[in-house]
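# Just need the structure, nothing else, for what follows:
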Amino acid sequence: MLALINTNIMQPPIAPIGLDYVGTAARQAGIEVKMLDLCLAADPDSAIKTFTDRNDPSLVALTFRNVDDCFWPSAQWFVPSLAETIRKIRSVSDAPIGLGGIGFSIFSQRLMEYTHADFGIFGDGEKALTDLYSALRQGKGFDSIEGLLWQDHDVLRKNGPAWPQPLSIPTQRDMVDNRTYFERGGQIGIETKRGCNRKCIYCADPIAKGPALRVRNPVEVADEFESLLRQGIDVFHLCDSEFNIPYDHAIAVCREIQRRKWVGKVRWYTYMAVIPFDETLASEMRRAGCAGINFTSDSACPAMLRIYRQPHGKQDLARAVRLCRENGIRVMLDLLLGGPGETPETVSESIAFFKQIDPDCVGAGVGLRIYPGTEAARLIEKEGNLGTNPAIQRKYDGPVDFFQPTFYISPALGGDAAGLVRELIGDNERFFSPMSEAGFIKGASGEKGKPDDHNYNDNQQLIDAIAAGARGAYWDILRQIQKKRM
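Residues are numbered from 1 along each chain as shown. Reported below is the predicted structural model:
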């Protein structure tokens, strides 16, 4: 028996889409699969013991979605909790333990070393996990299993990543209790593709999912919508890095959804690049049920956009907002403030322009999370000694280690970058303002997770709103909370 365990317990809860996919693939291959979802367990420790007492797995596979919350100044690191979960499983089961998931794929080797897991899968897990299970049962070797990491005596071995082409994913979404996740989390995810070919200097998606786009058949995507709709779920979030890249695939997915008899009964949200986006795509998305778009905007300052390697400009931002307005699609722009080269003037330019074009909401995040292997990491390492670099922000001791939450905030912004940003935002209610490090103490300045703080992790206002019936992207729910309070 293959045991699947969801280790991500962030609240509001996000359904483990990866386990839904790999569990169904394993089941279709004739493997008995059982799942333990620690996110939905009242007492995770007791749940682990009860599960292993009742079952005798040949392999225990854990998904690890979030390495940290990617927010400064909270900088909450989830790796120690993963290691503790593995320790608890080992105390009650002799089965080998494997790791997978997006968080694992970003830091696969470091996580194997830190947690002492027996196996790991770097990349897509649908075929790799099935192959691993079969190899263990049949006593075969592991060299041919794409994406596999394993302990070979005292040596950690690693095969090439599992980024299969063409991409086909099971559409039958019933391994996970998606209905409960919908009730407690307000949305359910779907992938229309994997991989990212963009060159943003800070992003780890090309590392985890591959630098080439791998698209799904639009019919398969719409079938997955339909599978979830039959479970009473009608609000979705597309988990693609950027839905509109490639453009033709986005159009094809929208048109396939429109062909289904249930069109008009679903709402969905997505992440998108600012370009390409035109009247045709906006119209097709609206007719397919798109309710909101979160654009990877980063900045409105040409100098910062060049540093971040974003191809859009100010007029592209203005056009994206206008097209959303004309098509009844809610729009969020994400500001990434504090990167290399950021100054008070560049911050002021971006905030002033975002006020001018008037989106529904703006996330003003301060601090660049540094991931090893990205261009941002290479640029920052070139600046000199990391240990004495005033731009490096962290909450751990010892040498600077990008495995742990490590952020870059341009020293030119002064000692209170968040305060500078809040001052420039003023009383504009469309902005989610950043919190200063001094203010990030529970109880010090009100309730953690106040509406103008868009860190979704442990956001009690968001949790309460979903419990009261709110559904949709978290930025859209928080936007509505903030609007009611004004």
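# shaky segments in the stretch 201-350 of the chain?
The stretch 201-350 of the chain contains no residues with pLDDT under 70.
# now the strands for it?
Secondary structure of the stretch 201-350 of the chain (DSSP state E, counting those that start in this stretch): strands located at 214-215, 235-238, 267-273, 290-298, 330-337.
# Would you mind putting those into a markdown table with mean neighbour count alongside?
For glycine as for every other residue, the C-beta is placed from the backbone atoms N, C-alpha and C. Converted to a markdown table, these look like this (neighbours: other C-beta atoms under 10 Å):
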| stretch | mean neighbour count |
| --- | --- |
| strand 214-215 | 19 |
| strand 235-238 | 22 |
| strand 267-273 | 22 |
| strand 290-298 | 24 |
| strand 330-337 | 24 |
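# Please identify which of the ones you listed is closest to residue 309.
Of all these, strand 290-298 sits nearest to residue 309, with 9.5 Å by C-beta to C-beta.
# That closest one pairs with which strands, and in what direction?
Strand 290-298 has its sheet partners listed here by DSSP bridges as strand 267-273 (parallel), strand 330-337 (parallel).
# distance of residue 143 from residue 135?
For residue 143, the distance to residue 135 equals 10 Å [C-beta to C-beta, to the nearest Å].
# okay, the strands of the stretch 201-350 of the chain in CSV with distance to residue 205 next?
As requested, the strands of the stretch 201-350 of the chain are arranged in CSV below (distance: least, C-beta to C-beta, whole Å):
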stretch, distance to residue 205
strand 214-215, 12
strand 235-238, 14
strand 267-273, 10
strand 290-298, 11
strand 330-337, 15
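# Which one, of those, ends up nearest to residue 403?
Per C-beta to C-beta, nearest to residue 403 of the strands of the stretch 201-350 of the chain: strand 330-337, 21.3 Å.
# The nearest residue to residue 17 once chain neighbours are set aside sits in which helix or strand?
The shortest distance from residue 17 to any non-neighbouring residue, by C-beta to C-beta, 6 or more residues apart in numbering, is to residue 189 (4.6 Å). Remark: residue 189 resides in strand 188-190, with elements defined by DSSP states H and E.
# Direction included, what does that strand pair up with?
Partners of strand 188-190 in the sheet, by DSSP bridges, are strand 235-238 (parallel).
# related to what we said a few turns ago, got the strands paired with strand 290-298 as CSV, with distance to residue 128 columns?
Rendered in CSV, the data for these read as follows (distance: least, C-beta to C-beta, whole Å):
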stretch, distance to residue 128
strand 267-273, 26
strand 330-337, 32
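# Ok, which of these comes nearest residue 113?
Closest among the strands paired with strand 290-298, using C-beta to C-beta: strand 330-337, at 30.3 Å.
# What residues sit buried inside stretch 319-333?
Within stretch 319-333, the residues that count as buried by 16 or more other C-beta atoms under 10 Å are 319-321, 323-325, 327, 329-333.
# One more: stretch 193-200?
For stretch 193-200, by 16+ other C-beta under 10 Å, it's 193-196, 198, 200.
# Over to stretch 275-294?
By 16+ other C-beta under 10 Å, the buried positions in stretch 275-294 come out as 275-277, 281-282, 284-286, 288-294.
# Would you check which pair of these lies furthest apart?
Largest separation among the buried residues of stretch 275-294 by C-beta to C-beta: 275 and 289, giving 22.7 Å.
# how about the CA coordinates for whatever helix or strand residue 475 lives in, as PDB?
Secondary structure from DSSP H and E places residue 475 in helix 474-485. The C-alpha trace of helix 474-485 is given here as PDB (Å, rounded to 0.1, in the frame of the first residue of the first chain):
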ATOM      1  CA  TYR A 474      -7.600  35.500  -1.000                       C
ATOM      2  CA  TRP A 475      -6.700  39.000  -2.200                       C
ATOM      3  CA  ASP A 476     -10.300  39.500  -3.400                       C
ATOM      4  CA  ILE A 477     -11.700  38.300  -0.100                       C
ATOM      5  CA  LEU A 478      -9.300  40.600   1.800                       C
ATOM      6  CA  ARG A 479     -10.200  43.500  -0.600                       C
ATOM      7  CA  GLN A 480     -13.900  43.100   0.300                       C
ATOM      8  CA  ILE A 481     -13.100  43.000   4.000                       C
ATOM      9  CA  GLN A 482     -11.100  46.100   3.800                       C
ATOM     10  CA  LYS A 483     -13.800  47.800   1.700                       C
ATOM     11  CA  LYS A 484     -16.400  47.100   4.400                       C
ATOM     12  CA  ARG A 485     -14.200  48.600   7.100                       C
END
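# and the angle for that helix with strand 290-298?
Helix 474-485 and strand 290-298 are oriented at 100 degrees to each other (axes from the mean of the first three to the mean of the last three C-alpha atoms, to 10 degrees).
# list the buried ones in helix 474-485?
Residues of helix 474-485 classed as buried: 474-482 (neighbour count, 16+ other C-beta under 10 Å).
# list the helices and strands it packs on?
On a contact count with 3 or more C-beta pairs under 8 Å, 6 or more residues apart in numbering; DSSP states H and E, helix 474-485 meets strand 290-298, strand 330-337, strand 361-366, strand 431-432, helix 460-467.
# Show me the strands paired with the helix or strand following the third one, marking each as parallel or antiparallel.
By that I understand strand 361-366. Sequence order places strand 368-369 as the next helix or strand after strand 361-366, per DSSP H and E. Note on strand 368-369: by DSSP bridges, its sheet partners are strand 406-408 (antiparallel).
# what sits up against the following helix or strand past the strand it pairs with?
Next along the chain after strand 406-408, taking DSSP H and E as the criterion, comes helix 417-425. Residues from elsewhere that reach helix 417-425, judged by C-beta atoms under 8 Å, 6 or more residues apart in numbering: 73, 337-338, 344, 347-348, 351-352, 364, 366-367, 409-410, 413-414, 431, 433-437, 439.
# what helix or strand does residue 355 sit in?
According to DSSP H and E, residue 355 maps onto helix 344-357.
# As CSV, could you dump the C-alpha coordinates of that helix?
Output in CSV follows, covering the C-alpha atoms of helix 344-357 (Å, rounded to 0.1, in the frame of the first residue of the first chain):
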residue,chain,number,x,y,z
PRO,A,344,12.8,56.1,-2.3
GLU,A,345,12.3,57.8,-5.7
THR,A,346,11.6,54.5,-7.5
VAL,A,347,9.2,53.4,-4.8
SER,A,348,7.4,56.7,-5.0
GLU,A,349,7.2,56.5,-8.8
SER,A,350,5.6,53.1,-8.7
ILE,A,351,3.1,53.9,-5.9
ALA,A,352,2.0,57.1,-7.6
PHE,A,353,1.4,55.4,-10.9
PHE,A,354,-0.5,52.6,-9.3
LYS,A,355,-2.8,55.1,-7.6
GLN,A,356,-3.3,56.8,-10.9
ILE,A,357,-4.4,53.7,-12.9
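# so how far does stretch 33-47 reach from one end to the other?
Stretch 33-47 has an end-to-end distance of 17 Å (C-alpha to C-alpha, to the nearest Å).
# between residue 143 and residue 135, who's got more neighbours?
residue 135 (19 against 10; other C-beta atoms under 10 Å).
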